[in-house]
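**Student:** Here is the input, now give the coordinates:
(one chain, ligands or ions: 2)
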Amino acid sequence: MRYLSTRGGITPIPFKDAVMMGLADDGGLLLPETIPTFTPEELESWRGSSYQDVAFAIISRFVDDIPAHDLRQLIERSYATFSHPGVTPVVKKDGVHILELFHGVTLAFKDVALQFLGNLFEYILAERNETMTILGATSGDTGSAAIHGVRGKKGITIFILHPEGKTSPVQALQMTSVLDANVHNIAVSGTFDDCQDMVKSLMGDLEFKKNYSLGAVNSINWARVLAQVVYYVYAWLKVAAPGQKVIFSVPTGNFGDIFAGYVAWQMGLPVEKLLLATNENNILTRCITSGDYSVGSVVQTLSPSMDIQVASNFERYLFYLFDRNPARVKEAFAQLKAEGRITFNSGETARMQQKFCSASVDREQTLQTIGNFLAETGYLLDPHTAVGVRAARELAAGDTPLICLSTAHPAKFDEAVIAATGKPVPVPESIAKLQGLPTRCDRLPADQQALREYIVRTMTAS
Ligand SMILES: Cc1ncc(COP(=O)(O)O)c(C=O)c1O
Ligand SMILES: N[C@@H](CCOP(=O)(O)O)C(=O)O
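**Tutor:** Numbers count the residues shown, from 1 in each chain. Ligands and ions are numbered 1, 2, ... in the order given. As a prediction, this is how the structure comes out:
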């Protein structure tokens, strides 16, 4: 299996090189040359399998340069850190299947992929006798999951940028209370989009990328998306009858999670629709419902991890929407840069609507959903999950089983949850013990040159 770029500018490379390249060297995103498929019989044969077995069955189809035994070990080690034996269990509440993705070390769905990616990096670096410098942007969850995914691993230095004051206090603490010498948190005076731009543009400087062996932990890294494909298949196996289609409702920011659902569908998973739920940062909802992809300003909401305008992985989907034509992808991103929007023709918009439906959920609706769901079912939703549940209430009528992805534990967003319920949130031990810990974090303006100088200074001093 080899990997190509959405922008057509690289010679296809094997999986391990794709993991290390992160952002494609031509500025695009890496994708497998073909998406492998499974038959309905193969899918049925995985029923009752453990999460780890399903993970191996899926991931091994995309990886042919790691021996099966080693890949199995990487998977076993990654999911041994989860507190639930089912890794990503599904619970049914009020007719809704909630796919709980928050049983990892930092209590958000990012752990599912970042535990795996951390181990994968360690494996590849040891094999090649190399070191690397990870550069990542976070609106709150990727950062802590990445830091905990690579913590204690040899030969890795990590720089994580977050928008200053715009994550939840728990998210900030999960990152900045890690004082290991190779972990560098940077609070940027700007938005998540500024952080993501700084990361992408610095990675686009190929000389700098090479000199510092820069690697990516964001979902621009294909391995992130790949690991997330697994839980769509696993959840389907728990919920659906043979051949039965389901709807997945996915609270969306950077389009990585829902793109993993799209890949699962292309592989052969019976899916009726992917329901893309946004908060007030609703550029993707506007795009899917009316073809209007025009970038606005990032708005602060109750679901801060989704306070994103320009979603990285949308480019991966556009590659398929544009019939795998890199020239059309390049044209779209040139237009985005020049005009702050991408124009879709009516045929393209109609094709998006065959796969996706979408709704945007505001602050009041998020609060109501958390409050009502608790009152009706006794189950506490975090604000991101509430956005997905509320959007599904609006769009997913009928008998098709509905699976809502629960992307974070409510205790990470206690202010929003208390505002919705008027009750304190039960605090897991891993969060309680963060209170009062010393923290370390530097500040930078939203400026690529400032980041470059910071990295050079830090790496020279270490
Ligand atoms: C808790 C939570 N929910 C949902 C999302 C959206 O996921 P994605 O960016 O993959 O669309 C994020 C982060 O992006 C998140 O941290
Ligand atoms: N919500 C994310 C934003 C970055 O998304 P990623 O999936 O591309 O890493 C976060 O929590 O940082």
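
**Student:** for whichever strand or helix holds Tyr262, packing partners?
**Tutor:** Counting by DSSP states H and E, the element that carries Tyr262 is helix 256-267. Applying 3 or more Cβ pairs under 8 Å, 6 or more residues apart in numbering; DSSP states H and E, we find helix 256-267 packed against helix 222-239, strand 246-251, strand 271-278, helix 314-321. Where C-beta positions appear, they are placed from N, C-alpha and C, glycine not excepted.

**Student:** what angle sits between it and helix 222-239?
**Tutor:** For helix 256-267 against helix 222-239, the angle by axes from the mean of the first three to the mean of the last three Cα atoms, to 10 degrees is 70 degrees.

**Student:** one step back: so of the helices and strands packed on helix 256-267, which one's packed in deepest?
**Tutor:** strand 246-251 (a mean of 27; mean count of other Cβ atoms under 10 Å).

**Student:** where are the low-confidence patches of the stretch 1-150 of the chain?
**Tutor:** Low-confidence segments of the stretch 1-150 of the chain (pLDDT under 70): none present.

**Student:** re earlier: next, see if the helix holding Tyr262 gets close to ligand 1.
**Tutor:** Yes - Helix 256-267 lies within reach of ligand 1 by Cβ under 6 Å from any ligand atom, at Gly256, Asp257, Ile258.

**Student:** ok, and the most crowded of the residues you listed?
**Tutor:** Ile258 (29 neighbours; other Cβ atoms under 10 Å).

**Student:** Grab the nearest non-local neighbour of it.
**Tutor:** Val250 (4.2 Å; Cβ to Cβ, 6 or more residues apart in numbering).

**Student:** dump the residue contacts of the closest residue to Ala235 other than its chain neighbours.
**Tutor:** Among residues not flanking Ala235 along the chain, Leu99 sits closest, at 4.6 Å (Cβ to Cβ, 6+ apart). By Cβ atoms under 8 Å, 6 or more residues apart in numbering, the residues touching Leu99 are Thr88, Val90, Tyr231, Ala235, Ile403, Cys404, Leu405, Ser406.

**Student:** which one among these gets closest to ligand 2?
**Tutor:** Of all the contacts of Leu99, ligand 2 sits closest to Leu405, with 12.9 Å by Cβ to the nearest ligand atom.

**Student:** burial of the closest one, as a residue count?
**Tutor:** 30.

**Student:** just the one 10 residues further on next, same as before
**Tutor:** Counted with other Cβ under 10 Å, the burial measure for Glu415 works out to 13 neighbours.

**Student:** pretty sure it is in a strand, no?
**Tutor:** No - Glu415 sits outside any strand when classified using DSSP: H, G, I helix; E, B strand; the rest coil, being helix.

**Student:** how long is stretch 78-95 from one end to the other?
**Tutor:** Start-to-end span of stretch 78-95 (Cα to Cα, to the nearest Å) is 31 Å.

**Student:** which residues sit against that stretch?
**Tutor:** For stretch 78-95, using Cβ under 8 Å, 6+ apart, the contacting residues are 51-52, 55, 97-101, 103-105, 111-112, 115-116, 118-119, 227, 231, 234-235, 238-239, 373, 376-377, 379, 402-403.

**Student:** Drop anything exposed from those.
**Tutor:** Neighbour-count burial (16 or more other Cβ atoms under 10 Å) applied to the contacts of stretch 78-95 gives 51-52, 55, 97-101, 103-105, 111-112, 115-116, 118-119, 227, 231, 234-235, 238-239, 373, 377, 379, 402-403.

**Student:** Mind checking which of the residues you listed land in strands?
**Tutor:** His97, Ile98, Leu99, Glu100, Leu402, Ile403 (DSSP state E).

**Student:** export the residues you listed to CSV and tack on distance to Glu339?
**Tutor:** What follows is those, written out as CSV (distance: Cβ to Cβ, whole Å):
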residue, distance to Glu339
His97, 41
Ile98, 40
Leu99, 38
Glu100, 41
Leu402, 37
Ile403, 37
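
**Student:** give me the subset of the residues you listed touching ligand 2.
**Tutor:** Among those, ligand 2 is touched by none when using Cβ under 6 Å from any ligand atom.

**Student:** Show me which residues of the stretch 151-300 of the chain sit near ligand 1.
**Tutor:** Residues of the stretch 151-300 of the chain lying close to ligand 1 (Cβ under 6 Å from any ligand atom) are Ser219, Pro251, Thr252, Gly253, Asn254, Phe255, Gly256, Asp257, Ile258.

**Student:** Report the beta-bridge partners for the second one.
**Tutor:** According to DSSP bridges, Ala277 are recorded as the beta-bridge partners of Pro251.

**Student:** Contacts only, for it.
**Tutor:** So Pro251 contacts Asp257, Ala277, Thr278, Ser303, Met306, His384, Thr385, Val387, Gly388, Leu405, Thr407 (Cβ under 8 Å, 6+ apart).

**Student:** Show me these that map onto helices.
**Tutor:** Asp257, His384, Thr385, Val387, Gly388 (DSSP state H).

**Student:** will you turn those into TSV that also has pLDDT?
**Tutor:** Formatted as TSV, those follow (pLDDT from 0 to 100):
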residue	pLDDT
Asp257	98
His384	98
Thr385	98
Val387	98
Gly388	98
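
**Student:** Looking at those, spot the one nearest Pro163.
**Tutor:** His384 (16.4 Å; Cβ to Cβ).

**Student:** which residues sit in contact with the closest one?
**Tutor:** Per Cβ under 8 Å, 6+ apart, neighbours of His384: Pro251, Ser303, Ser305, Met306, Thr407, Ala408, Phe413.

**Student:** and with 6 Å instead?
**Tutor:** Pro251, Ser303, Thr407, Ala408 (Cβ atoms under 6 Å, 6 or more residues apart in numbering).

**Student:** next one: phi and psi at Thr157?
**Tutor:** phi -110, psi 140 (degrees, to the nearest 10).

**Student:** tally of neighbours for the nearest residue to Arg224 once chain neighbours are set aside?
**Tutor:** Of all residues not flanking Arg224 in the chain, Ala113 sits nearest, at 4.4 Å (Cβ to Cβ, 6+ apart). For Ala113, the neighbour count with other Cβ under 10 Å is 31.

**Student:** For ligand 2, what's the nearest residue on the stretch 301-450 of the chain?
**Tutor:** Counting by Cβ to the nearest ligand atom, the stretch 301-450 of the chain gets nearest ligand 2 through Ser305, at 3.8 Å.

**Student:** Please determine how far Arg74 is located from ligand 2.
**Tutor:** No Arg there; residue 74 is Leu. Separation of Leu74 from ligand 2 (Cβ to the nearest ligand atom, to the nearest Å): 20 Å.

**Student:** Could you do Lys238 as well?
**Tutor:** 24 Å.

**Student:** Likewise for Arg224?
**Tutor:** 6 Å.

**Student:** ok, now Ala145?
**Tutor:** 8 Å.

**Student:** Just say helix, strand or coil for that residue.
**Tutor:** Once three-state DSSP is applied, Ala145 turns out helix.

**Student:** can I assume it is in contact with Leu107?
**Tutor:** No - counting by Cβ atoms under 6 Å, Ala145 does not reach Leu107; the two are 9.2 Å apart.

**Student:** So for these two, which residue has more residues nearby?
**Tutor:** The residue with more neighbours, out of Ala145 and Leu107, is Ala145; 29 against 26, by other Cβ under 10 Å.
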